[in-house]
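Q: Sharing a model prediction with you, sequence too.
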Amino acid sequence: MNALALRTRPAWDVDRYFDRWMDRWVREFFGPATADDWFGGSFTPAAEIVRDGDDALVRIELPGVDVDKDVHVEVDRGYLVVHGERRDERADDRDGRVLREVRYGSFRRSFKLPEHVTSDMVSASYDAGVLTVRVAGAHKSPETKRIAIEAK
């Protein structure tokens, strides 16, 4: 079992000074950006697909994301596409953080849909930090259509 322990940083913190030095170096050579912009500007939320009868449920973990404003669910050329952004509302408080493991930035996840699925078969809901997209009839086998044979 792993335990995560937070500690108080000493007055002279090597990590913080290295981060500042790296930010200055990146700005000097590449323009007004920080090292985070170059080396960590996005994240990939965890996802799972489960079967619920004939439906497929796509669950994507998006804690701390304003789904009304920052998340879009679309059906585009046979793909279910979920994209958006997790914003860091406390970006100005960067030097006061003790531990940084949360990733911020834009994200995009796409899932191939069966050919018979249309956009009106897709619905989405959000609860407790998890976006759930229901694809109705995704596992339903397409109906066999008998073709009449014409005699000549």
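A: Received, thanks.
Q: Looks like residue 137 contacts residue 55 (just checking).
A: Yes. Judged on C-beta atoms under 8 Å, residue 137 makes contact with residue 55 at a distance of 6.7 Å. Backbone N, C-alpha and C define where each C-beta goes, glycine included.
Q: okay but residue 109 is in contact with residue 47, surely?
A: Yes. Look at residue 109 against residue 47 with C-beta under 8 Å: they come within range, at 5.7 Å.
Q: list residues touching both of these two?
A: residue 60 (C-beta atoms under 8 Å, 6 or more residues apart in numbering).
Q: Below-threshold pLDDT in the chain: ranges please.
A: 1-21, 23-42, 90-100 (pLDDT under 70).
Q: Can you show me the strands along it?
A: Ranges of strands within the chain are 47-52, 55-61, 71-76, 79-86, 105-112, 122-127, 130-135, based on DSSP state E.
Q: could you dump these to a markdown table with mean neighbour count and distance to residue 144?
A: Output for the strands of the chain, formatted as a markdown table (neighbours: other C-beta atoms under 10 Å; distance: least, C-beta to C-beta, whole Å):
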| stretch | mean neighbour count | distance to residue 144 |
| --- | --- | --- |
| strand 47-52 | 12 | 22 |
| strand 55-61 | 18 | 21 |
| strand 71-76 | 15 | 25 |
| strand 79-86 | 18 | 25 |
| strand 105-112 | 14 | 22 |
| strand 122-127 | 13 | 24 |
| strand 130-135 | 18 | 21 |
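Q: In JSON lines, list these along with distance to residue 149.
A: Shown next, in JSON lines, are the strands of the chain (distance: least, C-beta to C-beta, whole Å):
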{"stretch": "strand 47-52", "distance to residue 149": "37"}
{"stretch": "strand 55-61", "distance to residue 149": "36"}
{"stretch": "strand 71-76", "distance to residue 149": "36"}
{"stretch": "strand 79-86", "distance to residue 149": "36"}
{"stretch": "strand 105-112", "distance to residue 149": "34"}
{"stretch": "strand 122-127", "distance to residue 149": "37"}
{"stretch": "strand 130-135", "distance to residue 149": "35"}
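Q: Sounds good, over and out.
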